[in-house]
Each structure stands twice: as C-alpha cells, then as structure tokens.
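Chemist: no sequence for this one, just the structure:
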Ligand code: SF4
Ligand code: SF4
C-alpha cells in the first residue's frame, strides 16, 4: 500500500478522518491567529490552482509561473513540484496576504480552500486509488475553538471546493504515474523522458502556451478530441486542462481516453 500525499504530512495515518467524523472549525477575522497560517509556507500549487490564480490576476500562465512560483525536483521523481513563491519579507508572507486577509479568496488554492483538511490519494498494489482526508490544524490555529462543526461533504460545499477536488484528484492520479516512472528508474534517463516531462509541464501548468501548441502545431492531426470539448477548449481553460491531463496520461502509458485518442 502506498499513500501519495497531496500535501506534506509526516503523520498522515494519525489524522485520517471519514465523512462520519465531525470536526470543529470556524476561521474569521477576529481570531487572534488571523493570517498566521499564511506565512512561511511550502504551498504546493496544482494545475487547477495555477489556472484559477492566473485568471484572477489577469496574467498569462507563463508570466504567473515566472513571477509567483518556484519549481523543485526531488530524487526519484521526474516531475517538478510547483510551489507558491513567498514574499521576501520578515516572516515570509504569502504574496496574496493583505491586511484584510486573503486578497485572492474566491480563487485561493485548493490547499488553502480545504484547510484545516487536506486530501491524499491512497493507492493499492493494483493502482486503484481511494481518497483520504486528514484533519491537521497547526497548534497555533484557534479556529478549532468553536461550536460550529462540519463533516467532509459539508466543508467541501461550504468552501466551494468541488471542482478543485475533482481536478486535484485527477492530477494526483497523473502524478502517481510519474512516481511509478521514478520507481522504475526512468528518472533523468534520456532525452525522450526529459522531453515528456517538459511537454507534461506545459500541458499541466502553462495552459496558455499549451493552447498555442494544440491549435498551432500538428497536434490535432495526431490526436482526436471530441468536437464539443475541442470547441470549448479554445476559450475555456478547464476544458483544455482536461485535454492536457488526458494527453499526459497518453504520453506516460500510451493509453487514450474518452477525451483524447491517438490517430493511428
Ligand atoms: S492564497 Fe490566500 S489563503 Fe492561501 S496562503 Fe495566500 S493569503 Fe493565505
Ligand atoms: S490559523 Fe486557523 S483560525 Fe487562524 S487564520 Fe489561519 S485558519 Fe484561521
């Protein structure tokens, strides 16, 4: 059994909760710790997070990546992690933290949205996955001093996190393929593998550049995409990201999907 954490949890198993568990939480501007959790973070950004934030900031995806992210590569993992770049100020605050709180609240990343919950995908030996939730408020968080309580579904609904949940889960399954690739010793092997990582990064994170690639290269001669999805993807970033994730799967496994078939 292997757990792919979507966050970074040394004590995952101790904090797993199910939907029958209720947890107490209420965060509001009057808590003494207001904004404390938005400093000095190792905040992973998933493809849908980047898409929402670059739209919010009216930036091109490449400009957003350059300005607001750093990429980190780890041993045995061919695909880089994308992290939000903290401000170079005392306390390393999030660049989106203002005196009033989160300045990108409606488009905040999945990790912030689900906090104090986090998600992980647990994989069995056959590669089947199961979603797991963890309740892990930091020790300084006073949001737990409340009578308001939630279960997981109520929290997702309240935080408007359902599309984030779907897209993050899809992405975690793709990341698991890269982990398996890493476990098989493919990391850094050769020019072809490096090119796959480069193209996968383009499709997942640099969505505006990926749109140019899809519509201005031979891509559409080589791959069949259902016409309604293709039409939407000309202007809709989420539709294009769905194509991108299907394409990455094909790059890694050679297997198509309802969203993308290879034209033989
Ligand atoms: S994006 Fe918003 S909620 Fe998330 S760390 Fe930054 S300021 Fe805090
Ligand atoms: S530490 Fe907890 S209660 Fe305090 S601002 Fe962050 S989420 Fe809210």
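Modeler: Happy to help now that I have it. Fair warning: this is a prediction, and the values are worked out from it, not measured in the lab. Ligands and ions are numbered 1, 2, ... in the order given.
Chemist: Roughly how far does the most centrally placed residue in the chain sit from ligand 2?
Modeler: Nearest to the mean C-alpha position of the chain, counting by CA atoms, centre = their mean, stands residue 46 at 2.1 Å. Applying CB to the nearest ligand atom, to the nearest Å, the value for residue 46 to ligand 2 is 20 Å. The C-beta positions use only the backbone N, C-alpha and C, and glycine is treated the same way.
Chemist: Settle this for me: that residue is touching residue 166, isn't it.
Modeler: No - counting by CB atoms under 8 Å, residue 46 does not reach residue 166; the two are 11.4 Å apart.
Chemist: Near residue 255, how many other residues are there?
Modeler: 9 (other CB atoms under 10 Å).
Chemist: correction: residue 82
Modeler: Residue 82, neighbours per other CB under 10 Å, totals 22.
Chemist: Equivalent analysis for residue 196, please.
Modeler: Residues near residue 196, counting by other CB under 10 Å: 18.
Chemist: Checking the nearest residue to residue 200 once chain neighbours are set aside next. Helix, strand or coil?
Modeler: Among residues not flanking residue 200 along the chain, residue 248 sits closest, at 4.5 Å (CB to CB, 6 or more residues apart in numbering). Assigned by DSSP: H, G, I helix; E, B strand; the rest coil, the conformation of residue 248 is helix.
Chemist: who touches residue 248 in this structure?
Modeler: Contact partners of residue 248, counting by CB atoms under 8 Å, 6 or more residues apart in numbering, are 174, 177, 200, 203-204.
Chemist: Contacts made by stretch 27-44 with the rest, please.
Modeler: 6-8, 81-84, 86, 91-94, 96-97, 100-102, 109, 111-112, 115, 138, 140-143.
Chemist: Out of the residues you listed, name the ones that lie in helices.
Modeler: With helices taken from DSSP state H, the overlap with those comprises 111-112.
Chemist: So which of the contacts of stretch 27-44 would count as near ligand 1 as well?
Modeler: 94, 96-97, 102, 109, 112 (CB under 6 Å from any ligand atom).
Chemist: can you redo those as a markdown table with neighbour count, distance to residue 221 and pLDDT?
Modeler: Output for these, formatted as a markdown table (neighbours: other CB atoms under 10 Å; distance: CB to CB, whole Å; pLDDT from 0 to 100):
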| residue | neighbour count | distance to residue 221 | pLDDT |
| --- | --- | --- | --- |
| 94 | 24 | 43 | 98 |
| 96 | 21 | 41 | 98 |
| 97 | 18 | 46 | 97 |
| 102 | 16 | 44 | 97 |
| 109 | 23 | 36 | 97 |
| 112 | 19 | 41 | 96 |
